[in-house]
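>>> Next input, structure requested:
(chains A and B)
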Amino acid sequence: MADKVIYAMYDDDDTTKDAAQHFVDKGVHVSEVYSPFPIHGIDPIIGVEQSRLGIVAFMFGLTGLAVAMIGIRYMNIIDWPMNIGGKPNFDFFHNMPSFVPVMFEFTVLIAAHGMAFTYLLRNKTLPGMPARNPDPRTTDDRFVIELRLEDNHNFSVDDLLSMAKQTNIVELEEKTIK
Amino acid sequence: MHKESDIRIPLILGDKSYRDITDDIIRPIESKAPKGWYILISIAGIFALWGVGCIVYLLGTGIGAWGLNKTVEWAWDITNFVWWVGIGHAGTLISAVLLLFRQKWRMAINRAAEAMTIFAVMMAGMFPLIHMGRLWVGYWVFPLPNQYGSMWVNFNSPLLWDVFAISTYFSVGLVFWYIGLIPDFATIRDRVTKPVAKKAYSILSFGWTGGAKAWNRFEVVSLVLAGLATPLVFSVHSIVSFDFATSVIPGWHTTIFPPYFVAGAVFSGFAMVQTLMLILRKAFKLEAYLHVKHVEYMNIVIMATGSIVGVAYITELFISWYSGVEYEAYAFLNRATGPYWWAYASMMTCNVLSPQLMWVKKLRTSLTFTFILAIIVNIGMWFERFVIIVTSIHRDYLPSAWSYFHPTWVDIGIYAGTIGIFTVLYLLFARYFPTMPIAELKTILKSSGQNFKEGFGNGAGYWEKHAHHGHDEHQAEIITEKPKTVEANIEEVVVEENLVEENTTEDQPDKLVFTKEEAEVAKNSLLERLGVGSADNKDDLKVINGVGPVLESKLNDMGIFTYLQVSKMTIEDYNVLDALTGSFPGRAERDDWAGQASKLNENK
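The predicted model follows:
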């Protein structure tokens, strides 16, 4: 189904924030805001929730720690116990202090890489993906608020356009997307 | 938006806009490389080739090509390894620890320091790999199932801890660096025009969009990665020090090693950052982003960590005597007064005495002095590792085995070669990668840009206009609004609307409104003034800053096709145009289309 999208462009982050507030106050759903850097304080206005990637990192960290413990126990305690200078090698627990560095490093390794990979997947950013920002200038010094008609059934395109004109825009575009 | 204290010296000097930040940092990528770059990369390339030649020779001949002997079985190789790893500590410390402490000045140096870290760790990793003798089975250091039955690596060994520490540090550092680079690569992607560069940066930027949710995730990932990298930084050099500290060699098995190595690593890392950044800022004209205040902050870190290192040296000396262990006491006495006294004296001078000069404000704010001192510290830290490694083992328990280490040309060649390879990689980075985090710098422009702090240029009157952006006031507004009835809210909105309209009309007092017939007349008279163009000799109007694809097609519909036509526009024409197209109030004037177009027309 064809859908109309309106791109309102601004040249300042605070103006963009004010504009987003203006739209939201009138009951318009702001689909996306494109900016060259993070605009602090815009997330609660347009209803973007705090990312849960921190929890993801913690989960990956636990996984890494578990894998490291199981792996080391299998390799150095069960499969090939080594007696070095008479130091205990009968069970994992007594030998553990000298396993701590590797356990720590592996935890960090898995947590960091797991989170980074999840981040790239969730953002749909992978090598060779096409750029999807509506205007090349949004990575330089322009800020774009995207309003989709399908998210705003109570408004017509003209309503949205006139609302956008009340804000301090520098450009306004209307597009039909499939 | 937080307002920074007026007392603090702004981090970004001059009158900068967001566009200026992009321009300044991308300039080296967009313009031709200066002659000096080609000269430097050629010299570094020769060193690198020489180093590779030495490595190949060593692999073909055997480790005997190094000056090692039965007594001194570790010397330059491990010295260079620890030296490079130490240098590799500043990058992650700057980007992770300083991020956690919200030190905004890190933004001038973090990208370049992280690049330095990654390249330095690559150089470091090379030495143990070569030292293994059979480079092609280097992967045996990892616990992999193999054809020898239950042969596993020894997880009790500090050398294996080192494998895990260095490889984790390298790959996490790389990920941290790259995640920060993605948005900046996107900025370059959207600006470069040459097809090859466009393609390359578009692959590198992973299709970054810069949406609100993406930025939200970006910030969370940066923070959590910083949290993970912080203990990692401390663990890596602690583990490197375990290589020595867990042994029973007098002079090595001291419990002070981990903290002392970490402080030394930060010390040498910052010195290397100073050396590289002082050249970079000058060569790429980035003085506005990295100025004396940044250099002073780094010098204070060098002074603090240098003092920690000094205290550690003296503690070691004291404990060697106080322990009552005669072997321990001899090891340290021999260091200071034995055949290697010159190395010990250089270490003490470069690392303990010289950073103390930084207490003098005049010296720590002098760029020349900083540069010289940074190089002295780099030399001193190399000597520190040499002293620890060689002087501790060159006299063992059997006087007949006492020995002295003489480096061969292969030793020297490989060390010089790693400096060459490092420099080549760094020069490539400086030329093709954004050397400062463009997106992050933009976030501090308003709070710490000189123009915004002092209220001139782009920042004139900003804080008066945007006083309501204070966080607390925002909260208060929300709270007071809530109890109101729906009707009251609507009223308020109406009032606000009027305000906005008033504002826009004030800005453009001669705003025109046309009826249909009038519009046709205005359009014709506009074309008369600008001259007629046709689709045949059409110029790419999108090149004009401020004209997008949609606007271009609207201009074309009206009969405006060429730069020549646009260059003739006056303020009245702009107003007519704005009234006709209806969607770009005041736009054309702001970007000075006519000026841009006449330039483009000349260069056509």
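
>>> Return the backbone torsion pair for B:Ile12.
phi -120, psi 120 (degrees, to the nearest 10).

>>> How many residues are close by it?
28 (other CB atoms under 10 Å in any protein chain shown). Using the backbone N, CA and C atoms, a C-beta is placed for each residue, glycine as well.

>>> who touches the closest residue in space to it that isn't next to it in sequence in this structure?
Leaving aside its sequence neighbours, B:Ile12 sits nearest to B:Gly449 (CB to CB, 6 or more residues apart in numbering or on different chains; 4.4 Å). Counting by CB atoms under 8 Å, 6 or more residues apart in numbering or on different chains, B:Gly449 touches B:Pro10, B:Leu11, B:Ile12, B:Lys16, B:Asn458, B:Gly459.

>>> same thing but 10 Å
B:4, B:10-17, B:20-21, B:288, B:441-442, B:457-459, B:462 (CB atoms under 10 Å, 6 or more residues apart in numbering or on different chains).

>>> Then B:Glu602?
So B:Glu602 contacts B:Tyr563, B:Ser567 (CB under 10 Å, 6+ apart).

>>> Report the secondary structure state of it.
helix (DSSP: H, G, I helix; E, B strand; the rest coil).

>>> Could you do B:Glu219 as well?
Applying three-state DSSP: B:Glu219 is helix.

>>> thinking again about what came up before, of the contacts of B:Gly449, keep whichever come out buried.
Among the contacts of B:Gly449, those scoring as buried are B:4, B:10-17, B:20-21, B:288, B:441-442, B:458-459, B:462 (criterion: 16 or more other CB atoms under 10 Å in any protein chain shown).

>>> Restricted to helices, list those residues.
Taking DSSP state H as the definition of helices, the buried ones among the contacts of B:Gly449 contribute B:Asp20, B:Ile21, B:Leu441, B:Lys442, B:Tyr462.

>>> In chain A, what residue comes closest to chain B?
A:Met129 (2.9 Å; CB to the nearest CB).

>>> who touches the residue of the stretch 101-250 of chain B found nearest chain A in this structure?
Nearest residue of the stretch 101-250 of chain B to chain A: B:Gly207, at 2.9 Å (CB to the nearest CB). Residues in contact with B:Gly207 (CB under 10 Å, 6+ apart) are A:123-133, B:182, B:186, B:189.

>>> With B:Trp152 instead?
B:Trp152 touches A:Gly71, A:Ile72, A:Tyr74, A:Met75, A:Asn76, A:Asp79, A:Trp80, A:Met82, B:Pro143, B:Leu144, B:Pro145, B:Asn146, counting by CB under 10 Å, 6+ apart.

>>> helix, strand or coil for it?
coil.

>>> ok so, going back, hang on, the residue of the stretch 101-250 of chain B closest to chain A is in a helix, isn't it?
No. Looking at B:Gly207 with three-state DSSP, it is coil, so not inside a helix.

>>> Please report phi then psi for the closest residue to it other than its chain neighbours.
Spatially, and ignoring its direct neighbours in sequence, B:Gly207 is nearest to A:Met129 (2.9 Å; CB to CB, 6+ apart). Phi and psi for A:Met129, reported as degrees, to the nearest 10, are phi -70, psi 150.

>>> my guess is A:Met129 meets B:Leu204, correct?
No. Look at A:Met129 against B:Leu204 with CB atoms under 10 Å: they stay out of range, at 11.1 Å.

>>> quick revisit: among the contacts of B:Trp152, name the ones in helices.
Among the contacts of B:Trp152, the ones falling in helices (DSSP H) are A:Gly71, A:Ile72.

>>> Any chance of CSV for the contacts of B:Trp152, columns distance to B:Val532 and neighbour count?
Formatted as CSV, those follow (distance: CB to CB, whole Å; neighbours: other CB atoms under 10 Å in any protein chain shown):
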residue, distance to B:Val532, neighbour count
A:Gly71, 77, 16
A:Ile72, 80, 23
A:Tyr74, 82, 15
A:Met75, 82, 20
A:Asn76, 85, 23
A:Asp79, 86, 12
A:Trp80, 87, 15
A:Met82, 89, 15
B:Pro143, 77, 20
B:Leu144, 75, 10
B:Pro145, 78, 10
B:Asn146, 79, 10
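
>>> on that earlier part again, so A:Met129 and B:Leu204 - more neighbours on which side?
Higher neighbour count among A:Met129 and B:Leu204: B:Leu204, with 20 against 17, using other CB under 10 Å.

>>> So chain B: which segments form each domain?
Following automatic domain parsing, one gets these domains for chain B: B:18-143+B:153-452, B:473-507, B:516-603.

>>> I meant chain A, not that one.
According to automatic domain parsing, the ranges for chain A are A:3-50+A:135-177, A:53-122.

>>> could you say what helices and strands the top helix by length along chain A packs with?
With secondary structure taken from DSSP H, chain A has its longest helix at helix A:100-122. If you count contacts as 3 or more CB pairs under 10 Å, 6 or more residues apart in numbering or on different chains; DSSP states H and E, helix A:100-122 packs onto helix A:53-72, helix B:158-189, helix B:212-245.

>>> can you redo the ones you listed as CSV with distance to B:Gly324?
Below are the helices and strands packed on helix A:100-122 laid out as CSV (distance: least, CB to CB, whole Å):
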stretch, distance to B:Gly324
helix A:53-72, 38
helix B:158-189, 27
helix B:212-245, 20
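
>>> Mind pulling up the pLDDT for the residue sitting nearest the centre point of chain B?
Nearest residue to the geometric centre of chain B (CA atoms, centre = their mean): B:Arg111, 1.1 Å. What the model reports as pLDDT for B:Arg111 is 90.

>>> which residue ranges form the strands in chain A?
For chain A, the strands defined by DSSP state E cover A:3-10, A:32-34, A:143-148, A:171-177.

>>> Pull out the buried residues from the first one.
If you call a residue buried by 16+ other CB under 10 Å, then strand A:3-10 has these buried ones: A:Lys4, A:Val5, A:Ile6, A:Tyr7, A:Ala8, A:Met9, A:Tyr10.
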